[in-house]
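Q: sequence below, structure please.
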Amino acid sequence: MGLVRSFFSGIYNLIVGLTVTGKHLGRHAITLQYPKERWPMPERSRGVVVLLSDQESGKLNCTACMLCMRACPSAAIMIEREKNENKRWEPTKFVIDNTICCFCGQCEEACNFDAIKLAGKYEFSVFDQGELHYNMEYLGELGKDVPYTPRRKKAKKKPPAKPAPKKEDEKKPPETKSEQMKEEKKADKPEGVEAKKEDEKKQDTPVKEDKPAQPENDKTEQDQKSDQADKDKKDSGN
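A: As a prediction, this is how the structure comes out:
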């Protein structure tokens, strides 16, 4: 029973494998015939470190500014320099130790003169570790056929100087100064004192009571007589 089960499971796996192979049979090949064929590496791939040279004169772009050596976190770069006839620094020794290089790209980022670059070359395996210490001549040979676009960093612009702050007293006219002094005096006085003074003034002034108008029915007889006399005088005058 076990032999029969293993026989049919083998046939099933064979059919599955042939099905997968048949799906990719009509498509293009994925593998390459290395070393006759090689994949084109992307521009930003980090392979071996090379030194770039001027495309016209062929001289190395390195000015021995030492920025790449200081930026290297693993201390894989060693540079020695001296001044030439024009009193400019030139590298006399430039060595990269690929046994400790971590291919982080900090040297390329720190360089302001397009002198160093991590190229897409990845074939540098050797049998002796001593051969992984690349000198300046070999680094220049590796970088001769490496294309690059000049990208010298622009100098940072200084921020414009801020204008000196003007005094507020000079801006205001003389009239506004007096008003400001009054407001400051008012602000110095407590509000409660002025409120008390106004209450005291109100208490000292007598309150006038409005007399109610007397109705005509409540008038006395003398008032009625005087009103009648006034009417008669008016009628006689007319």
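
Q: can you give me the buried ones in the longest strand seen in the chain?
A: In the chain, with assignment by DSSP state E, the single longest strand is strand 89-97. Residues Pro91, Phe94, Ile96, Asp97 are the ones in strand 89-97 that count as buried (16 or more other CB atoms under 10 Å). (C-beta placed from N, C-alpha, C; glycine too.)

Q: one more: stretch 42-53?
A: For stretch 42-53, the neighbour count (16+ other CB under 10 Å) marks Arg46, Gly47, Val48, Val49, Val50, Leu51, Leu52, Ser53 as buried.

Q: nearest to Ala161 among those residues?
A: Closest approach to Ala161 among the buried residues of stretch 42-53 (CB to CB): Leu52, at 38.9 Å.

Q: wait, doesn't that closest one sit right on Leu118?
A: No: at 11.1 Å, Leu52 does not count as touching Leu118 under the criterion of CB atoms under 8 Å.

Q: ranges for the helices of this structure?
A: Per DSSP state H, the chain carries helices over the ranges 2-23, 67-71, 106-110, 136-143, 168-171, 174-188, 191-204, 221-237.

Q: for Thr149, find the nearest of those.
A: Across these, Thr149 has its closest neighbour in helix 106-110 (13.2 Å, CB to CB).

Q: using PDB, write out every CA atom in that closest one.
A: C-alpha atoms of helix 106-110 as PDB (Å, rounded to 0.1, in the frame of the first residue of the first chain):
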ATOM      1  CA  GLN A 106      30.100  58.700   2.400                       C
ATOM      2  CA  CYS A 107      33.400  59.500   0.500                       C
ATOM      3  CA  GLU A 108      31.400  60.200  -2.700                       C
ATOM      4  CA  GLU A 109      29.000  62.400  -0.900                       C
ATOM      5  CA  ALA A 110      31.700  64.400   0.900                       C
END
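
Q: now for it, which elements pack on it?
A: Helices and strands touching helix 106-110, by 3 or more CB pairs under 8 Å, 6 or more residues apart in numbering; DSSP states H and E, are helix 67-71, strand 116-118.

Q: any chance of the buried residues of strand 89-97 in CSV, with pLDDT and distance to Ala75 too?
A: As requested, those are arranged in CSV below (pLDDT from 0 to 100; distance: CB to CB, whole Å):
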residue, pLDDT, distance to Ala75
Pro91, 94, 17
Phe94, 95, 14
Ile96, 95, 11
Asp97, 94, 8
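
Q: need the max-distance pair from those residues.
A: Farthest apart among the buried residues of strand 89-97 by CB to CB are Pro91 and Asp97. That separation is 16.0 Å.

Q: fine by me, we can end here.
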